[in-house]
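Asker: Sharing a sequence plus its predicted fold:
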Amino acid sequence: MKILVDENIPVAEACFGQLGEVVPVSGRHLRAAQVRDADALIVRSVTPVNESLLAGSRIGFVGTATIGVDHIDQAYLAAHGIGFASAPGCNARSVVEYVAAALMELEASRRFSLSGKSIGIIGVGNVGSRLRQLCEALGLRVLACDPPLQARGEPGLVSADEAWQADIVSLHVPYNLNGVHGTHHLADYQRLSRMLPGAVLINTARGPVVDNRALSRVLDERYDLAVVLDVWEGEPFVNMELASQVDIATPHIAGYSHDGKVRGTWMIYQALCRHLGQAPQVTETDLIDPALTLTLDPCAGTADTPTSARDLITRIYDIREDDLGLRASLRLPRERRAQAFDALRRQYRVRREFQSVQVRGRGALQTALGQGEFQRLKVLGLQFD
């Protein structure tokens, strides 16, 4: 059995190697000729999987180690009896932690407090629902908006107009080009220009959910808005003018925690085993190298004692590194920028999720931070000795 796997998917050999020959491929540059004699295809979001790629091949199973599935022609797969699986929720925690890190960074750089703020969460699926729980625990007033769920009678949701009038708006919708609940340019000039004074916009969904040109125009007019973009229209190309205007710019890595990526691989491995009628031989725990366990003792040296939750979070995940990396890539010659964007993702550092981090010196840390900041760390999921 020949299994093509995107080269950016971790622990592929450990999972799929027992099922057949694993062949790493460039997901963005995959061609039909490479797929023709393969039996299974495992991709990420950069690979459009459709008739032009699969016609004439012997592919019997397609898996995407991602939450989003807008790059997959599921109708074609179903019509040709090709098995399919995605990895819903695999990196939801990672994206939520990215949003939390971004908000704490903006608190420091923009000099405001999250206390008493409202947040409009647009899209309350795997990511949005987790973010909702976190924000409620942090004391923010949550305005959750999800028109498809609302149409099915889901309680506790607000209209889009209400959500867009929050202090913070965070987008977590799937990308749908058409239809009643289409999300192409959901954030258009009209909505963006009417955001509250000093509002924050975060997009970790898909690039075209925000009209990038309209956002750039709005930011020319309104210096009060703070913007965090992890996704871009036309990736791997990035609107350089817009990147220069936003507060935090990153190369589509919000969901790139090591834990989330491994979880996504493992979920697709399980699905392929089911498709083949075989029992899985690998567990998710087997795939995390114990050497990657992160233990912090932040109060061991007085010079390094953190004074805020953000101080400690940056020792686990410093979102500024991702921002600086993308901005450095945009200074390269034009013909090299797209390659650099992909390289930032392919060579991404190991980033552990907060719940996997052990923190020593609970008492000393609580004293150093104060109860409020210490409680933030507990809500974010850090484990204390």
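Answerer: Happy to help now that I have it. Residues are numbered from 1 along each chain as shown.

Asker: if I look at the residue nearest to A137 when sequence neighbours are not counted, how far off is G63?
Answerer: Spatially, and ignoring its direct neighbours in sequence, A137 is nearest to V379 (4.5 Å; C-beta to C-beta, 6 or more residues apart in numbering). For the C-beta atoms, the positions are set from N, CA and C on the backbone; glycine is no exception. V379 sits 33 Å away from G63, going by C-beta to C-beta, to the nearest Å.

Asker: Ok, D259 next?
Answerer: 19 Å.

Asker: cool, and R352?
Answerer: 24 Å.

Asker: Look at these two and report which has more neighbours.
Answerer: It is G63, of R352 and G63, that has more neighbours when counted by other C-beta atoms under 10 Å, with 29 against 18.

Asker: and the nearest residue to T295 once chain neighbours are set aside, what are its bridge partners?
Answerer: Nearest non-adjacent residue to T295, counting by C-beta to C-beta, 6+ apart: Q358, 4.5 Å away. Applying DSSP bridges to Q358 gives these bridge partners: T295, Q383.

Asker: how close does L103 get to M195?
Answerer: From L103 to M195 the distance is 16 Å (C-beta to C-beta).

Asker: quick one: low-confidence ranges for this protein?
Answerer: The chain contains residues with pLDDT under 70 at 302-303.

Asker: ok, which stretches of it are strands?
Answerer: 2-6, 21-25, 40-43, 61-64, 83-85, 118-122, 141-145, 168-171, 200-203, 226-229, 248-249, 295-296, 358-359, 383-384 (DSSP state E).

Asker: Could you take those strands and lay them out as TSV, with extra columns for distance to A12?
Answerer: Output for the strands of the chain, formatted as TSV (distance: least, C-beta to C-beta, whole Å):
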stretch	distance to A12
strand 2-6	4
strand 21-25	6
strand 40-43	7
strand 61-64	11
strand 83-85	15
strand 118-122	33
strand 141-145	36
strand 168-171	30
strand 200-203	29
strand 226-229	29
strand 248-249	29
strand 295-296	28
strand 358-359	28
strand 383-384	29
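
Asker: who wins for proximity to L332 among those strands?
Answerer: strand 248-249 (14.9 Å; C-beta to C-beta).

Asker: contact partners of that closest one?
Answerer: Defining contact as C-beta atoms under 8 Å, 6 or more residues apart in numbering, one finds that strand 248-249 is touched by A102, E105, L106, V227, V228, L229, V238, A243, I319, D323, L326, R327.

Asker: Pick out whichever of those sits closest to V210.
Answerer: Of the contacts of strand 248-249, the one sitting nearest to V210 (C-beta to C-beta) turns out to be L229, at 7.4 Å.

Asker: Was I right to think that closest one contacts R206?
Answerer: No - L229 is beyond contact range of R206, at 11.3 Å (criterion: C-beta atoms under 8 Å).

Asker: and Q245, what does it touch?
Answerer: S216, L219, D220, V227.

Asker: Now for the nearest residue to the last one once chain neighbours are set aside, how many residues are close by?
Answerer: Once its chain neighbours are removed from consideration, V227 has its nearest residue in V246; the separation is 4.1 Å (C-beta to C-beta, 6+ apart). Counted with other C-beta under 10 Å, residues neighbouring V246 total 20.

Asker: OK, contacts around Q74?
Answerer: Q74 neighbours (C-beta under 8 Å, 6+ apart): F84.
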